[in-house]
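Visitor: sequence first, predicted model second:
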Amino acid sequence: MTRCMESPWTKSAKSNVITAEDLNLALGAMRQMQEVHAIAPPALVCRSRAAPPEPEVKELELDVGILEFSNGCIYEGQVKQLVAHGKGLLHYSNGSTYDGGWVSDQAHGYGHFLWKDGSVYEGQWLGNLQDGIGKETWSNGSSFEGHFRHGKKLGVAKVWWPEGHYDGDIECDHLQGQGTFTWKDGTSYSGGWVKSQKSGMGEMKWPDGRKYKGIYLKDKRHGHGCFVWPDGRQYCGEFFEGLQHGCGRILQRNGSVREGEWRCGKRIRWLSEERRLESEDGFQVTETLRPSKTLLDL
C-alpha cells in the first residue's frame with residue numbers, strides 16, 4: 001500500500017539567481033562610495049556622536065531556482081548550494097509530483113504527493129518517506145488516515161474501502177492488533193487481527209441476526225466458540241477451519257440442551273439426552289427461545 005518516492009541524486013543545475021557572493025561584492029562597493037562622499041558634521045555641534053555601526057552582511061542561505069535531474073525530474077523552488085532545500089515542487093518524469101518541504105534533496109516536513117494514477121498523500125515526511133500523521137487516498141476511493149513510520153502505516157487508524165471501513169490498530173501496512181471492520185451490508189467483526197486476517201478472540205455479527213463469538217485463525221472460526229442462529233438455536237463447542245468439528249452442545253428453541261460430536265460441520269452422533277439449560281453451558285439466553293416447562297424451572 002505504501003509508495004516510496006524516487007531519490008534523484010545525480011543532477012546538472014541551471015540557476016540564474018543572485019548568489020551570496022554577488023550580494024557581498026555589491027554591498028562592499030556601496031560602502032566605498034559612502035566613504036568618498038561623506039559629509040563632515042557642522043562645526044557648532046560640540047557633543048560627540050558615535051559613528052553608526054557598519055551594516056551587518058549575512059550570508060544568503062536560500063535561493064530560488066530550477067534543478068534538472070538526469071532521470072528527467074525537474075525541481076522548482078528553494079535551493080541551498082544547488083540542492084533542494086526549503087519549499088519546492090518536484091515534477092517526476094512519470095507524471096507524479098511532490099509539493100512541500102525539502103532538506104538536502106529529501107522530502108521533509110509537510111508535503112503533498114500526487115501519483116500519476118490520481119492517488120494522493122498529504123502529511124508529514126522524513127528522509128523521503130512518509131513519517132508522522134498523514135492521509136493517503138487511492139484512485140479507487142479507498143483511504144487511510146493515521147500514523148506512518150519509515151514509510152509504513154502503524155498505530156491506531158481509520159481505513160475506508162469501497163466494501164467497508166476499519167477502525168483500529170495498524171502495523172507495517174496490515175490490520176494488526178485489535179480493531180473493528182464494518183461491511184457495507186451491516187456485517188461487522190470486532191476482535192483480533194494478524195496480518196489483515198481475523199485471528200484470536202473476536203465477535204462477528206450479521207444483519208440477519210446470526211452471531212459468532214470465539215476464536216478465529218486466518219479468517220476462519222477455529223477453536224472454541226459459540227454460534228447463534230436467527231431463530232435462537234445456539235452451538236457452543238469446537239470449530240476447525242470454519243466448521244463445527246469435535247465435541248459441542250446445542251441449545252434448542254425449546255430451551256433444552258444436548259451434547260454431541262461433529263465432524264467437518266456435520267453431527268455424527270449424540271452424546272447425551274436432552275437436559276435443562278444450566279448457567280455453566282455458556283449460552284446466550286435470547287427472546288427467541290421457547291423453554292419447555294418440563295426441562296426448565298420457570
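Guide: That came through, no problem.
Visitor: okay, domains of the chain per the record?
Guide: Split into domains by automatic domain parsing, the chain comes to 60-116, 208-298.
Visitor: which of these comes out lowest on mean pLDDT?
Guide: Among these, domain 208-298 carries the lowest mean pLDDT, a mean of 83.
Visitor: could you say which of the domains of the chain is packed most deeply?
Guide: Most buried of the domains of the chain, by mean neighbour count (mean count of other C-beta atoms under 10 Å): domain 60-116, with a mean of 17. From N, CA and C alone the C-beta is placed, and that goes for glycine too.
Visitor: chain center to it, what's the gap?
Guide: 24 Å (C-alpha atoms, centre = their mean, to the nearest Å).
Visitor: repeat for stretch 264-284
Guide: 44 Å.
Visitor: give me the contact list for stretch 123-133.
Guide: Contacts with stretch 123-133, where a contact means C-beta atoms under 8 Å, 6 or more residues apart in numbering, come from 2, 4-5, 7, 100-101, 106-111, 121, 134-136, 146-151.
Visitor: now render the domains of the chain as a markdown table, adding distance to Tyr189.
Guide: Below are those laid out as a markdown table (distance: least, C-beta to C-beta, whole Å):
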| stretch | distance to Tyr189 |
| --- | --- |
| domain 60-116 | 31 |
| domain 208-298 | 8 |
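Visitor: so which of these is nearest Glu171?
Guide: domain 208-298 (17.1 Å; C-beta to C-beta).
Visitor: need the strands for the stretch 151-298 of the chain, in chain order.
Guide: 152-161, 164-171, 174-183, 188-194, 197-205, 211-217, 220-228, 234-240, 243-251, 256-263, 266-270, 275-276 (DSSP state E, counting those that start in this stretch).
Visitor: CSV please, covering those and showing distance to Asp117.
Guide: As requested, those are exported to CSV (distance: least, C-beta to C-beta, whole Å):
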stretch, distance to Asp117
strand 152-161, 17
strand 164-171, 22
strand 174-183, 23
strand 188-194, 28
strand 197-205, 27
strand 211-217, 34
strand 220-228, 34
strand 234-240, 41
strand 243-251, 41
strand 256-263, 48
strand 266-270, 48
strand 275-276, 62
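Visitor: please name the bridge partners of the spatially closest residue to Gly134 that is not a sequence neighbour.
Guide: Nearest residue to Gly134, sequence neighbours excluded (C-beta to C-beta, 6 or more residues apart in numbering): Gly123, at 2.0 Å. When assigned by DSSP bridges, Gly123 has beta-bridge partners Gly111, Gly134.
Visitor: neighbours around Gly123, how many?
Guide: For Gly123, the neighbour count with other C-beta atoms under 10 Å is 20.
Visitor: so how far is Leu126 from Gly118?
Guide: 25 Å (C-beta to C-beta, to the nearest Å).
Visitor: swap that for Leu243, sorry
Guide: Separation of Leu243 from Leu126 (C-beta to C-beta): 48 Å.
Visitor: what does Gln252 give?
Guide: Taking C-beta to C-beta as the criterion, Gln252 is separated from Leu126 by 60 Å.
Visitor: and Val228, by the same measure?
Guide: Val228 is 48 Å from Leu126, by C-beta to C-beta.
Visitor: again with Ala107
Guide: 8 Å.
Visitor: the more surrounded of Gly118 and Leu126?
Guide: Shown here are Gly118 and Leu126; by other C-beta under 10 Å, Leu126 has more neighbours (17 against 10).
Visitor: read off the pLDDT value for that one.
Guide: 96.
Visitor: same check, this time on Trp9
Guide: The predicted structure lists Trp9 with a pLDDT of 31.
Visitor: out of the domains of the chain, which gets nearest to His174?
Guide: Smallest distance to His174 across these (C-beta to C-beta): 13.1 Å, for domain 208-298.
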